[in-house]
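>>> what shape does this take:
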Amino acid sequence: MPPRSQGIIEVHSAVLLFGLAGLFGKFLPVPPHVIVFGRAFFASVALILFLRWFKARVFFGAKRDLPIFAALGSILAIHWITFFHSIQVSNVAVGLLTYSTFPVFVTFMEPYFFREKLRTFDVFAALLVLVGLFLVIPDFEFSNRITRGALWGMVSGFTFAVMSLVNRRVVQRYSSLVIALYQNAFAAGALLPFLWMSDWTLGARQILFLAFLGFFCTALAHALFIRSLLFITAQLASITSVLEPVYGIILAFLLLGEVPRVRTLLGGGIILGVVALSTGKRKSPRNSQGEKGCIICF
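Have a look, this model is predicted:
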């Protein structure tokens, strides 16, 4: 198989798994922080195994980076909790599409983080995304479950944007897999005390779901995404990642029977179109692939 074809298959497989992750908000009838703890815990175990298999360095080099990883883990936990909560109160389409607004937050935050110029095109793109959001959100009454889901999805997008910008600095010193390992480990550690504060139970089936979510939809997806960059450009991988909500919506239709409203699809089409166009025009740093890989992240 030609290397480029192999890279395309791997990046699409990774994005498909990222999209599948959202469905576990419906598969698992437990509080979002329980889902996130299980995802982060099993992902940490899998990432340790991946790093050991490739004989890569696991431990971070400087103690001064420990607070950064701890902060990133906490942000990751908030990002995933709001993401799964968005899906639980609304549906998979709304959660994925509103989370996908994170590039808009990056657009306006990046100049302050890195002293880069804000482009006119980026402002115009942000306005178009707002039009898409207006179509996704049926009304502005918080009592409407779709509205609540959309707002939580945007909070998830905002926290992912913050995490991406911080990762842009950290990825210069560590590989994306190491960053993902410590983010997941600290996310699980941050949530551990909260597991006793809510009423929930897990059966064998739910534990298997969480293991699948952590091993395949997080760790394996991350590894595939990064490996694909050996064969394709970071720009192509970033544009392909825009398909995450598309794959998620299709899987939700096939596995959950969720049929998005026409208005949701129109708004989502605008959001994803703008994100894809913005990604294509943006000249990202060489290591920006680490930002997407650390989602998922989703």
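>>> low-confidence ranges in the protein?
60-62, 280-298 (pLDDT under 70).
>>> is it true that residue 152 touches residue 89?
Yes: using CB atoms under 8 Å, residue 152 is in contact with residue 89, at 6.8 Å. C-beta coordinates here come from the backbone N, C-alpha and C atoms, glycine included.
>>> which of the two has more neighbours?
residue 152 (25 against 20; other CB atoms under 10 Å).
>>> look up the closest residue to that one, ignoring the ones flanking it.
Leaving aside its sequence neighbours, residue 152 sits nearest to residue 86 (CB to CB, 6 or more residues apart in numbering; 3.8 Å).
>>> so that neighbour versus residue 5, what's the distance?
35 Å (CB to CB, to the nearest Å).
>>> got a list of contacts for stretch 71-79?
Here stretch 71-79 makes contact (CB atoms under 8 Å, 6 or more residues apart in numbering) with 33, 36, 40, 156, 159-160, 162-163, 166-167, 170, 179, 182-191, 294, 297-298.
>>> try stretch 184-192
For stretch 184-192, contacts defined as CB under 8 Å, 6+ apart pick out 33, 36-37, 39-41, 43-44, 47, 69-70, 72-74, 76-77, 80, 218.
>>> show the buried residues in these.
Among these, the ones that count as buried by 16 or more other CB atoms under 10 Å are 33, 36-37, 39-41, 43-44, 47, 69-70, 72-74, 76-77, 80, 218.
>>> just the ones of the residues you listed in helices?
If you go by DSSP state H, the buried ones among the contacts of stretch 184-192 have 33, 36-37, 39-41, 43-44, 47, 69-70, 72-74, 76-77, 80 in helices.
>>> just the helices in the stretch 101-250 of the chain please.
Under the criterion DSSP state H, counting those that start in this stretch, the stretch 101-250 of the chain contains helices at 102-114, 120-136, 145-170, 176-191, 204-214, 221-228, 234-241, 244-256.
>>> let's have these in TSV, adding distance to residue 54.
Formatted as TSV, these follow (distance: least, CB to CB, whole Å):
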stretch	distance to residue 54
helix 102-114	29
helix 120-136	37
helix 145-170	20
helix 176-191	8
helix 204-214	19
helix 221-228	9
helix 234-241	20
helix 244-256	25
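>>> nearest to residue 263, out of those?
For residue 263, the closest of these is helix 120-136, at 5.2 Å, according to CB to CB.
>>> if we can go back for a sec, and residue 86 and residue 5? which has more neighbours close in?
More crowded of residue 86 and residue 5, by other CB under 10 Å: residue 86, with 30 against 11.
>>> give me the number of residues near residue 116?
9.
>>> repeat for residue 269
Neighbour number of residue 269 under other CB under 10 Å is 14.
>>> how about the nearest residue to it, chain neighbours excluded?
Nearest residue to residue 269, sequence neighbours excluded (CB to CB, 6+ apart): residue 132, at 7.6 Å.
>>> does that neighbour touch residue 268 like I think?
Yes: taking CB under 8 Å as the definition, residue 132 is a contact partner of residue 268 at 6.8 Å.
>>> what sits in contact with each of these two?
residue 97.
>>> thinking again about what came up before, to residue 22, which of the helices of the stretch 101-250 of the chain lies closest?
Per CB to CB, nearest to residue 22 of those: helix 244-256, 4.7 Å.
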